[in-house]
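Enquirer: Here is my input; please provide its structure:
(one chain, ligands or ions: 1)
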Amino acid sequence: MGLDNMSNDNPLVIRLTELEAEALAAVAEAGDSEALERVRVTYLGRKDGRISAILRQLGEIDPSDRRAVGAEANRVKETLTGALEVRSAQVSQETDFDVEAADLTMPGRETWAGGAHPVNQVVDEIWQIFRGMGFTRARGPEADTEWYNFEALNTPLDHPAADEQDTLYLKDSVLLRSHTSPVQIRTMEKHDPPIRILAPGMVYRRDTYDATHTPAFAQIEGLVVDEGITFVDFKATLAEFARRFWGADTKIRLRPSFFPFTEPSAEVDVKRLITLKDGSRVESDWIEIMGAGMVDPAVLENVGYDSERYTGFAFGMGPARMALLKYGVPDLRLFFENDIRFLGQFARGVGS
Ligand code: DAH
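Expert: Sure thing, here's the model as predicted:
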């Protein structure tokens, strides 16, 4: 049996171990700083502290036991001091919350859940309308080639629309698409008629940022190709869309225009019935909402369709404009700033 073990049998060492357990339990139970102070005084108080008393008696102890008892007394003292500090920190944190002053009937804070960007919501509304008319959803890459973005769409590279000044090139003939029209080509390459697609997505232009321009914005492309599609189908589909989107009193008009990929081409304007603050209803001005036209036979030939057999129409619109016209946003500038930040998600988030 070693010296240490013999010392542990000493009644004072046993007493110290008991005191340690007792004191630690009292520390754990103490609910505030006053209770903790009472524990400290009871065990470590200089005058009457139970552990201090044992340390004071060391001189009267048999010298062979003195070291072991002294060491044990100091260990217990340190352990207890540490426990008092830890508990004291806990207690002061717990009592930081002033129960008396707090209004416990106050409703909790709501978690911020986020929501869909207004333009994405409108893209969805538009999609629901075209879906009801038998369209499916299509998508294409945001980084595309000169062939898809321009040439296949009957736009020669020396056409002003293909000007390097207006287009963001990545490398060689790869660029950020300047419109969603390349999805027309990609869809027709993969599928035979009948085609009826809606393709929302982001487009990019080297535009200087201002209240009505942004280098990144959303477009929605539409394409219908089949046997016997006529200008009547074209106008009727867009007029029906406008009525379902803004209401039965909405009118559209087609203004002659030019796009290399449509012949004839048109700008589509709408006139809406708007409700004023006093409840009266007035007609809005005409405002352009999209470019459109009958698909140029050259485009159909580029994807290997027989342009004698098939005809079609196409359109491209800006959902941000549509969102503004339908729901109104007081500060245009703010609106477009948010547009850039949040629109990226829908180009990635939608699929056919
Ligand atoms: N791609 C055109 C633009 O970005 C918009 C457009 C016009 C799309 C006519 C079409 C169309 O499909 O037929 O300005």
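Enquirer: Enumerate the residues of the chain near the ligand.
Expert: For the chain, the residues in contact with the ligand (Cβ under 6 Å from any ligand atom) are His179, Ser181, Glu221, Phe259, Thr262, Gly291, Ala292, Gly293, Ala314, Phe315, Gly316. (Glycine included, C-beta is placed from N, CA and C.)
Enquirer: Taking the stretch 51-200 of the chain, what residue is nearest to the ligand?
Expert: Nearest to the ligand in the stretch 51-200 of the chain, going by Cβ to the nearest ligand atom, is His179, at a distance of 3.3 Å.
Enquirer: Could you pull out the helices in the stretch 101-250 of the chain for me?
Expert: Here the stretch 101-250 of the chain has its helices, by DSSP state H, counting those that start in this stretch, at 118-132, 146-149, 182-190, 231-246.
Enquirer: most packed of those helices?
Expert: helix 182-190 (a mean of 21; mean count of other Cβ atoms under 10 Å).
Enquirer: what's that one packed up against?
Expert: helix 146-149, strand 195-204, strand 216-227, helix 297-302 (3 or more Cβ pairs under 8 Å, 6 or more residues apart in numbering; DSSP states H and E).
Enquirer: Try it again at 7 Å.
Expert: Helix 182-190 is packed against helix 146-149, strand 195-204, strand 216-227, with contacts defined by 3 or more Cβ pairs under 7 Å, 6 or more residues apart in numbering; DSSP states H and E.
Enquirer: Now these in a markdown table, please, with extra columns for mean pLDDT and distance to Ala71.
Expert: Formatted as a markdown table, the helices and strands packed on helix 182-190 follow (pLDDT from 0 to 100; distance: least, Cβ to Cβ, whole Å):
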| stretch | mean pLDDT | distance to Ala71 |
| --- | --- | --- |
| helix 146-149 | 97 | 84 |
| strand 195-204 | 97 | 74 |
| strand 216-227 | 97 | 74 |
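Enquirer: among the residues of the chain next to the ligand, who's most crowded?
Expert: Neighbours here mean other Cβ atoms under 10 Å. Within these, the largest count is held by Ser181, at 29 neighbours.
Enquirer: what's the distance between stretch 199-218 and the middle of its chain?
Expert: Stretch 199-218 sits 20 Å away from the centroid of its parent chain (Cα atoms, centre = their mean, to the nearest Å).
Enquirer: ugh, typo on my part, it should be stretch 130-148
Expert: Worked out by Cα atoms, centre = their mean, stretch 130-148 lies 23 Å from the chain centre.
Enquirer: With respect to Val41, which of the helices and strands packed on helix 182-190 lies nearest?
Expert: When the helices and strands packed on helix 182-190 are compared by Cβ to Cβ, strand 216-227 sits nearest Val41, at 70.8 Å.
Enquirer: right, and the residue of the stretch 51-200 of the chain closest to the ligand touches Tyr204 too?
Expert: No. Counting by Cβ atoms under 7 Å, His179 does not reach Tyr204; the two are 9.6 Å apart.
Enquirer: Can you list the low-confidence ranges for the stretch 201-350 of the chain?
Expert: Scanning the stretch 201-350 of the chain with the threshold set as pLDDT under 70 gives 211, 329-350.
Enquirer: how does it look with 90?
Expert: For the stretch 201-350 of the chain, applying pLDDT under 90 flags the ranges 207-214, 272-288, 320-350.
Enquirer: and Pro260, backbone torsions?
Expert: With angles defined as degrees, to the nearest 10, Pro260 sits at phi -60, psi -20.
Enquirer: Mind listing what's buried along the lengthiest helix in the chain?
Expert: For the chain, the longest helix by residue count, based on DSSP state H, is helix 63-94. For helix 63-94, a neighbour-count test (16 or more other Cβ atoms under 10 Å) marks 65-66, 68-69, 72-73, 76-77, 80, 83-84, 87-88, 91 as buried.
Enquirer: try stretch 147-158
Expert: Tyr148, Asn149, Phe150, Glu151, Ala152, Leu153, Asn154, Thr155.
Enquirer: is it possible to export the residues you listed to CSV including distance to Leu325?
Expert: Shown next, in CSV, are the buried residues of stretch 147-158 (distance: Cβ to Cβ, whole Å):
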residue, distance to Leu325
Tyr148, 30
Asn149, 28
Phe150, 30
Glu151, 34
Ala152, 32
Leu153, 27
Asn154, 30
Thr155, 28
